[in-house]
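Enquirer: I'd like to go over a predicted model; first the sequence, then the structure.
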Amino acid sequence: MSDVPKPEELARIDHRPPELKGWMDMPVEIKQGIACYGGKPQNLEYVGLPNPREWSPFDEDWKLPENWKEIFLEGLRERLERFRSLKVFMDICVRCGACADKCHFFIGGGDPKNMPVLRAELLRSIYRREYTTAGKILGRLAGAREITVDVLKELWYYFFQCTECRRCSLFCPYGIDTAEITILGRELLNLLGLNIDWISAPVANCYRTGNHLGIQPHAYKDMIEFFVDDIEEITGVRVEPSFNRKGAEILFITPSGDVFADPGTYTCMGYLMLFHYLQDLGLDITWSTFASEGGNFGYFTSHEMAKRLNAKMYAEAKRLGVKWILGGECGHMWRVINQYMDTFNGPADFLEEPVSPITGTKFENAKSTKMVHIVEFTADLIKHNKLKLDPSRNDNIVVTFHDSCNPARGMGFLEEPRYVIKSVCNHFYEMPENTIREQTFCCGSGAGLNAGEDMELRMRGGLPRANAVKHVHEKHGVNMLACICAIDRAVFPPLMDYWVPGVNVTGVHELVGNALILDGEQERTTNLRGEPLPGMEEEEDV
Ligand code: SF4
Ligand code: SF4
């Protein structure tokens with residue numbers, strides 16, 4: 001893990017542009033704490049990515065293939081033909097600057113090349129040189145430049161300082177989506193073997209074992225059985241999940257972060273309790289130890305890789321013969337499902353249009369993908385009065401909700417999580433309006449940047465979100481940040497400790513699990529974390 005300067009130091013941000021210098025005259029300096037380590041050869045080899053070798057972005061020599069320039073430019077040409085959006089985004093920016101101060105990395109770091117307009121300009125300048133008459137003739141005067149090794153390094157450095165969150169696109173009058181430029185920029189870099197290891201290792205793991213962490217099926221099952229024991233200890237009720245069960249009606253898939261890392265594990269316990277509760281009402285659901293990952297780090301590599309990793313979930317649904325898929329609390333998993341699945345691997349017409357077996361609600365929005373978000377599923381149950389809930393069990397927390405970028409901006413999923421949280425908690429406060437819903441600020445560690453070595457970047461990028469949490473922490477005593485994304489649940493704890501100590505992090509189904517009254521349960525004295533429930537502090541001390 002990289003050393004991070006103290007918060008007081010990091011908060012001194014200089015947003016002034018360098019004097020009398022154009023951006024092309026500012027050479028790239030790849031800094032420790034900001035950049036991630038390069039992808040290891042064994043991970044690239046495993047999934048057949050080009051140019052596997054040991055390399056470091058901090059070395060002078062990146063061990064590029066001899067014909068790297070040709071590969072890059074040919075890749076750009078192909079993508080300009082395939083993706084109309086890229087061609088349009090390369091041509092239509094008027095440099096109005098409306099996006100300039102909207103990126104969390106620019107706000108928290110002050111590096112001008114982290115302004116979305118300039119991030120895109122890094123690639124656009126090469127496009128101009130290759131594809132516009134003005135760029136060919138006038139070069140720099142027309143904002144064009146040739147691709148050199150230093151330019152390539154600059155592209156790498158800044159495309160791996162973008163979390164593909166799309167906040168900037170919301171403010172662009174032309175709808176330019178810098179995240180898409182980053183996505184395609186990263187694809188071009190991948191042609192040369194220039195990925196980061198925090199992405200290429202999860203991709204290889206997922207391809208091999210079915211989840212990003214590389215956990216084998218039996219270990220996945222063991223972990224869930226630990227949660228079953230914990231639930232029994234807390235509630236006196238033994239839940240009985242089934243695994244890889246052929247003929248079940250529904251397949252449940254969640255990000256592996258929910259199974260292997262706190263505080264996601266408590267969210268996982270919430271799912272298990274909910275499924276147990278619904279069993280008598282007609283829920284017939286199975287987990288899979290093979291499709292043990294909802295997230296998709298392939299999406300941070302290339303469209304092709306995202307498609308390959310997405311396919312395994314549907315292959316497993318087909319193998320088990322289920323009718324539809326219920327998906328856990330994840331971020332980019334939902335963006336891939338909502339925006340790409342149909343053209344990647346769909347339509348999944350061997351599955352049925354999802355219908356809740358409890359309420360009869362038809363999830364028409366999932367008609368094509370056949371995959372329903374668990375928060376939507378639970379919101380529907382609450383709306384139909386199907387759950388017995390005691391929100392006072394969450395009275396020791398004051399909650400705010402972070403809209404994760406992908407469900408919020410990638411699928412417009414804004415109301416359901418709030419509805420569920422307000423049904424299971426009595427104390428809820430919103431962060432300021434320009435930091436939530438579509439305008440939400442990124443966690444600062446998405447799109448594969450949640451590594452240990454780029455901690456300074458993460459703390460800088462997370463500053464705008466943390467600042468809004470600080471506001472409600474000080475104004476309303478908020479002590480819990482709820483979210484519906486596994487990456488958020490993994491990266492917010494260190495971010496909160498750094499900027500807003502005293503605020504914990506939870507998934508929505510952890511709160512549901514706390515409030516849910518199971519048939520035959522013993523009097524509960526603790527929440528799912530083993531902490532005393534409100535009013536039970538003394539019993540715990542005895
Ligand atoms: S807001 Fe859009 S048009 Fe304006 S500078 Fe940014 S990307 Fe270009
Ligand atoms: S997509 Fe997000 S991280 Fe990337 S430039 Fe836009 S605001 Fe910044």
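Expert: Everything's here; your move. Ligands and ions are numbered 1, 2, ... in the order given.
Enquirer: so how far is ligand 1 from residue 353?
Expert: Distance, residue 353 to ligand 1, using C-beta to the nearest ligand atom, to the nearest Å: 38 Å. Any C-beta I mention is one placed from the backbone N, CA and C, and that applies to glycine too.
Enquirer: Now that residue: closest residue in space that isn't a chain neighbour?
Expert: Computed as C-beta to C-beta, 6 or more residues apart in numbering, the closest residue to residue 353 that is not its neighbour in sequence is residue 367, at 5.1 Å.
Enquirer: What of residue 491?
Expert: Spatial nearest neighbour of residue 491, excluding adjacent residues (C-beta to C-beta, 6+ apart): residue 445 at 3.9 Å.
Enquirer: rewinding a little: run a quick neighbour tally on the residue nearest to residue 353.
Expert: The local packing of residue 367 (other C-beta atoms under 10 Å) involves 12 other residues.
Enquirer: hang on, the earlier thing: confirm that the residue nearest to residue 491 sits in a strand.
Expert: No - secondary structure assignment (DSSP: H, G, I helix; E, B strand; the rest coil) places residue 445 in coil, not in a strand.
Enquirer: any idea how far it lies from ligand 2?
Expert: Between residue 445 and ligand 2 the computed distance is 11 Å (C-beta to the nearest ligand atom).
Enquirer: Return the residues in contact with that residue.
Expert: Going by C-beta atoms under 8 Å, 6 or more residues apart in numbering, residue 445 touches 163, 458, 461-462, 487, 490-491, 495.
Enquirer: For those, name the two members farthest from one another.
Expert: Across those, the longest distance by C-beta to C-beta is 14.7 Å; it joins 461 and 490.
Enquirer: Please say which of the two ends up with more neighbours.
Expert: Per other C-beta under 10 Å, whichever of residue 461 and residue 490 has more neighbours is residue 461, with 33 against 20.
Enquirer: In space, what's closest to residue 313 - neighbours in sequence excluded?
Expert: residue 291 (4.8 Å).
Enquirer: mind showing which ranges of this protein have poor pLDDT?
Expert: Counting by pLDDT under 70, the chain has low-confidence residues at 1-2, 20, 539-542.
Enquirer: list the contacts for the residue nearest to residue 170 when sequence neighbours are not counted?
Expert: Using C-beta to C-beta, 6+ apart and skipping residues adjacent in sequence, the residue nearest residue 170 is residue 438, 5.9 Å away. Neighbour list for residue 438: 170, 403, 408-409, 412, 414 [criterion: C-beta under 8 Å, 6+ apart].
Enquirer: and residue 438, that one's in a helix?
Expert: Yes - under three-state DSSP, residue 438 sits within a helix.
Enquirer: sorry, back to before: if I read this right, the residue nearest to residue 353 contacts residue 355, doesn't it?
Expert: No - with contact defined as C-beta atoms under 8 Å, residue 367 does not reach residue 355; the gap is 10.8 Å.
Enquirer: Would you mind listing the buried residues in the helix or strand where residue 474 lies?
Expert: Using DSSP states H and E, the element containing residue 474 is helix 463-476. Neighbour counts using 16 or more other C-beta atoms under 10 Å place 463-473 of helix 463-476 among the buried residues.
Enquirer: Kindly report the same for stretch 406-417.
Expert: Within stretch 406-417, the residues that count as buried by 16+ other C-beta under 10 Å are 406-410, 413-414, 416-417.
Enquirer: can you tell me which of those lies nearest to residue 273?
Expert: residue 417 (18.2 Å).
Enquirer: For residue 425, see how far away that closest one is.
Expert: Taking C-beta to C-beta, to the nearest Å as the measure, residue 417 falls 12 Å from residue 425.
Enquirer: and of the buried residues of stretch 406-417, the nearest to ligand 1?
Expert: Each of the buried residues of stretch 406-417 was scored against ligand 1 by C-beta to the nearest ligand atom, and residue 409 proved nearest at 15.6 Å.
Enquirer: which residues sit in contact with the nearest residue to the closest one once chain neighbours are set aside?
Expert: Excluding its sequence neighbours, the residue lying closest to residue 409 (C-beta to C-beta, 6+ apart) is residue 166, at 4.8 Å. For residue 166, the contact set (C-beta under 8 Å, 6+ apart) comprises 177-179, 405, 409-410.
Enquirer: how about the one residue in the stretch 101-250 of the chain that gets nearest to ligand 1, what does it touch?
Expert: As assessed by C-beta to the nearest ligand atom, ligand 1 sits closest to residue 172 within the stretch 101-250 of the chain, at 3.2 Å. Applying C-beta under 8 Å, 6+ apart to residue 172 gives the contacts 98-99, 116.
Enquirer: repeat that with 7 Å
Expert: For residue 172, the contacting residues are 98-99, by C-beta atoms under 7 Å, 6 or more residues apart in numbering.
Enquirer: Please apply the same query to residue 89.
Expert: 120, 176-177, 180-181.
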